[in-house]
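K.L.:
Coordinates for the following, if possible.
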Amino acid sequence: MRLFDVKGIGPRLVQAKPGLVVLGWGVSIANLALTGILLGIIIPHSAQYVPQAGVGLLGVTFYYGGMFGFSILAGWVLADISKAVLGFFVSYGVGLFLTFLALVGPGLASVIPESIAELSAMVFAFTALFPLAFLAGLVGAVLGASSSEP
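P.N.:
Model (predicted):
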């Protein structure tokens, strides 16, 4: 019985590294998007409805810089441009799904009407993640992967 085979974990983790990097990258994208949405950083006209939401250019710069930084790091760890680009698209899908799921949660729990929750979750998620965050992430992934290749 080999329940505690510590030496066998290393080779399995090497094989699983790209999948784990992509999963963590997707969770980081969702985290940035939800933080930006809930703080009113990237929702258009949020200062019009919530006076305290006027975070200005610095908050927006940190949001897109975080997206760019996570993508550079993940591309650098993947160390292959084809893996980085494919991993970016998969992680972006994971991040979009997790963001949508978190935003539609109040509708699923019947706190607000489900149709309103779904519509606003779609609008907020796509506003947060397209087009500038998409471009920042894709450029960061390519730059990170190209900087780590020999």
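K.L.:
Pull the contacting residues for Ala33.
P.N.:
42, 95, 99, 125, 128-129, 133 (Cβ atoms under 8 Å, 6 or more residues apart in numbering). For every residue, glycine as well, the C-beta is placed using N, CA and C.
K.L.:
10 Å instead, please
P.N.:
If a contact means Cβ atoms under 10 Å, 6 or more residues apart in numbering, then Ala33 has 42, 63, 67, 95-96, 98-100, 102-103, 124-125, 127-129, 133 as its contacts.
K.L.:
For the chain, spot the helix or strand the model is least confident about on average.
P.N.:
helix 46-49 (a mean of 56; mean pLDDT, DSSP states H and E).
K.L.:
Leaving aside the residues adjacent along the chain, what's closest to the residue nearest the centre of the chain?
P.N.:
The residue lying closest to the centre of the chain (Cα atoms, centre = their mean) is Ile29, at 1.0 Å. The shortest distance from Ile29 to any non-neighbouring residue, by Cβ to Cβ, 6 or more residues apart in numbering, is to Gly95 (3.0 Å).
K.L.:
Can you give me the neighbour number for that neighbour?
P.N.:
By other Cβ atoms under 10 Å, 27 other residues sit near Gly95.
K.L.:
before we move on, the earlier item: flag every buried residue along the helix or strand hosting the residue nearest to the centre of the chain.
P.N.:
If you go by DSSP states H and E, Ile29 is part of helix 9-38. Within helix 9-38, the residues that count as buried by 16 or more other Cβ atoms under 10 Å are 18, 21-22, 24-26, 28-37.
K.L.:
how far does it sit from the chain's center?
P.N.:
9 Å (Cα atoms, centre = their mean, to the nearest Å).
K.L.:
Same question for stretch 133-140.
P.N.:
The mean C-alpha position of stretch 133-140 is separated from the chain mean by 11 Å, Cα atoms, centre = their mean.
K.L.:
one step back: report the separation between the residue nearest to Ile29 and Val22.
P.N.:
Applying Cβ to Cβ, to the nearest Å, the value for Gly95 to Val22 is 10 Å.
K.L.:
Repeat that for Ile29.
P.N.:
From Ile29 across to Val22, the span is 11 Å (Cβ to Cβ).
K.L.:
Right, I'll leave it there.
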